[in-house]
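[1] with the sequence up front, the predicted model follows.
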Amino acid sequence: MNQTARIISIYAADTSGVCSALYEYGGMTVIHDASGCNSTYTTHDEPRWYDKKSMMFISGITEKDAVMGNDDKFIDDLIIAANELKPAFIALCASPLPAMIGTDLDAIAFAVESETGIPSFSVKTNGMSSYISGAANAFVEISKHFTKENPDINASLNMSDKTDRLKINILGITPLDFPLRSSYDSLLEFINDSGFELNSCVGVNTCLEDIVNLSDADVNLVVSSVGVSLADHLYDEFSIPYVKGVPYGKEFSFRIGDYIKESFSTKTNIDSTKDLRCEGDTAILGESIQSASLASALLLDKGIKACVLETVGEGDLDILKPFDLSCDDEKILEDELRKFKTVLGDPLFKPIVHDADFIPLPHEAFSGRCFTKSAPNLIYTDLDFL
Amino acid sequence: MIKIAIYGKGGIGKSTVTSNLAAALAYMGKRVIQIGCDPKADSTSNLLSGNPVFPVMNYMRDYDKEPESLEEISKIGYKGILCIETGGPTPGLGCAGRGIITTFSLLEELELFEKFKPDAVLYDVLGDVVCGGFAAPIREGLASKVIIVTSGEKMALYAAGNINSAVENFKERSYAKVRGIVLNRRNVLNEEEKVREFASSRSLPIIADIPRSDDIIRFEDEGKTVIEGDPTLEVSRCFLDLAKMLIEEDEKENM
């Protein structure tokens, strides 16, 4: 049987990605859904749910609503809730049911904004894609609505002219990829130690002002596929270049620091793993940018050659090398894994790893909160977990 | 850009009006796209000398995948008009309305407008606004104006009234607005009076009056529009006048 996950888990859905991305910005996020998407999100995909308030809702669409096209009911509910809660914005996304009947969420957002005056937008989802596309689209939409114009942006400025510290946005960090508070702290430490300054961290430990001020940054650091669309958007709109890569380990972190300076000077986007990959008998499973970064860091810090097996089936595939593989099919993946001596991945992949040594690297988007406590923080630190 | 969706009762002559308007716009030098939004997939046949384009949904059904290029699901017709048909699911199965939405999403992904850079896009939509899918062409970003085709026949006017009401209901959604009526004459008794009364009671202008013409049928038998067949005919002039009006209107709006 192809295209199935009989043994292993599946990744968090795009609707969870939207909620995760917008969690801290004071908006009201509504999944147009009968029920279920929200409970999956809150119980499995959102570690902040019990510590930090947010306005995540479902619409409670019924079969009759779907068949009769009762969009007005949804619009009325949105207006009542918005007038009561006064959110900073309203974001709408679709579960499979409205996606299948082609509900026009853009039009519903337009109608709600016209009535309430609250910025409203839809985020493209269908409830069947992965968290990557949902979160990525959500970040782009919120930026389109709130990031300020930056008339001071000076494209000709380069490193030698720059007198103050480079301002860095961190893009692509959500608890689905980085559930640990220590990951954020380590990223901050890396930025400070490298002589940079954090401008905005998009996704966690953040507020709407960070989105407004995104255009003030000199360079964007993209730490997962979730951040690539926003990075492209900020490059197109504000000429802010970006560097792709997670500062795992020490040597690779220093490389990323150098690439950030180069990116600023040359105004080009840089894949920090571009010259650092070699085919080997170690496999790293997971999201592509994190996995390629870890492979680069292992090569630099430990001399370990590793291939990436991108297992989400979505995201930044440009970072992959010819010897890497993008594969979200359980059977193919199981066969591919027989080629490796060591496999690093979420513990829920272990049942299809038969002969290799397995090193667990929990991934919240794949196994929820099951293994978060045992997840190592590899950012800007010695890679002695092996 | 001229972006028009053409609605009307089934069999009233929407495809005839749409393809003749497309041909008239192209005759006047415009780059035109015509998208047939009907499972019958026969909207553009008179622009293609009777050699039909492979409909988008048929492609997806037959190949069990989405097309990767515009060339696979479009054909160039009379004077460079890009012809596309949404097609539909297996008759009696599936959901034709959702198929239209799927087609539009796909055309967006294939960057149809960015690549072809049209001056005019015409959507020829099946019969009535029966469900969300058939309202898809008037969503924001697609058609900005609706033209309703009707004759003086009772059921054609009834359908036209329903379409007008449906579009009115969408006014809070930033959808297209009804631009006017095209009277496609069937030579029924008191036809002009009936249509004028219908239009004035809804404050809609009659923007074209197409006479009943054997020339339309004659050229359709040859797989042509009357514009292609003989642009000097009286009936051809009606379409050319409508095209001229829409071009001037568009130019004024974009000044």
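    Cool, the structure landed. Keep in mind it's a predicted model, so treat the numbers as computed, not measured.
[2] give me the buried positions along the helix ranked longest in chain B.
    Looking across chain B with DSSP state H, the single longest helix is helix B:234-253. Across helix B:234-253, burial judged by 16 or more other Cβ atoms under 10 Å in any protein chain shown covers B:Val235, B:Ser236, B:Cys238, B:Phe239, B:Leu240, B:Leu242, B:Ala243, B:Leu246, B:Ile247, B:Asp250. From N, CA and C alone the C-beta is placed, and that goes for glycine too.
[3] isn't the fifth one right up against B:Ala24?
    Yes. Distance between B:Leu240 and B:Ala24: 4.8 Å, which falls inside the contact criterion (Cβ atoms under 8 Å).
[4] centroid-nearest residue for the chain?
    Reading this off chain A. In chain A, the centroid-proximal residue (Cα atoms, centre = their mean) is A:Val226; its distance is 2.9 Å.
[5] you answered for a different chain; I wanted chain B.
    B:Asp124 (2.6 Å).
[6] next, that one: secondary structure please.
    strand (DSSP: H, G, I helix; E, B strand; the rest coil).
[7] buried sites along stretch B:38-51?
    B:Asp38, B:Pro39, B:Ala41, B:Ser43, B:Thr44, B:Ser45, B:Asn46, B:Leu47, B:Leu48.
[8] would you point out the helix or strand in the chain whose mean pLDDT is lowest?
    Picking chain A for this. None of the helices or strands of chain A scores lower by mean pLDDT, DSSP states H and E than helix A:37-40, at a mean of 76.
[9] nope, chain B please
    Lowest mean confidence among the helices and strands of chain B (mean pLDDT, DSSP H and E): helix B:132-135, at a mean of 83.
[10] thinking again about what came up before, which residues touch the residue nearest to the centre of chain B?
    Shown in contact with B:Asp124 (Cβ atoms under 8 Å, 6 or more residues apart in numbering or on different chains): B:Ile6, B:Lys14, B:Ser15, B:Thr18, B:Ser19, B:Gln34, B:Ile35, B:Gly36, B:Cys37, B:Asp38, B:Ser43, B:Thr44.
[11] just these now: which is nearest chain A?
    Of all these, chain A sits closest to B:Cys37, with 13.0 Å by Cβ to the nearest Cβ.
[12] the residue nearest to that closest one when sequence neighbours are not counted - how many residues pack around it?
    Using Cβ to Cβ, 6 or more residues apart in numbering or on different chains and skipping the chain neighbours, the partner closest in space to B:Cys37 is B:Val125 (4.5 Å). Using other Cβ atoms under 10 Å in any protein chain shown as the criterion, B:Val125 is surrounded by 28 other residues.
[13] any idea how far B:Arg202 is from B:Val125?
    Remark: distance between B:Val125 and B:Arg202 (Cβ to Cβ, to the nearest Å) = 19 Å.
[14] just the buried residues of stretch A:120-134, please?
    For stretch A:120-134, the neighbour count (16+ other Cβ under 10 Å) marks A:120-127, A:129-134 as buried.
[15] distance of B:Asn46 from B:Asn20?
    In terms of Cβ to Cβ, B:Asn46 sits 8 Å off from B:Asn20.
[16] element containing the residue nearest to A:Glu46 when sequence neighbours are not counted, please.
    In space, and not counting its chain neighbours, A:Glu46 is closest to A:Ser20: 6.4 Å by Cβ to Cβ, 6+ apart. Secondary structure from DSSP states H and E places A:Ser20 in helix A:14-22.
[17] could you list every helix and strand in contact with that helix?
    strand A:28-32, helix A:37-40, strand A:90-94, helix A:131-146 (3 or more Cβ pairs under 8 Å, 6 or more residues apart in numbering or on different chains; DSSP states H and E).
[18] and these: which comes nearest A:Gly69?
    Of all those, strand A:28-32 sits nearest to A:Gly69, with 12.9 Å by Cβ to Cβ.
[19] what's that closest one in contact with?
    Strand A:28-32 is contacted from outside by A:15, A:18-19, A:22-23, A:37-38, A:41, A:54-59, A:61, A:74, A:78, A:81-82, A:85, A:87, A:89-95, A:97-98, A:103, A:105, using Cβ under 8 Å, 6+ apart.
[20] which members of those are classed as buried?
    Buried, going by 16+ other Cβ under 10 Å: A:15, A:18-19, A:22-23, A:37-38, A:41, A:54-59, A:61, A:74, A:78, A:81-82, A:87, A:89-95, A:97-98, A:103, A:105, out of the contacts of strand A:28-32.
[21] quick one, strands of the chain?
    Defaulting to chain A. With strands called from DSSP state E, chain A shows them at A:28-32, A:55-58, A:90-94, A:120-123, A:167-171, A:197-201, A:219-222, A:242-244, A:270-271, A:282-286, A:306-310, A:325-326, A:342-345, A:357-360.
[22] you answered for a different chain; I wanted chain B.
    Assignment of strands within chain B using DSSP E yields the ranges B:2-8, B:32-37, B:75-76, B:82-85, B:120-125, B:145-150, B:177-184, B:206-210.
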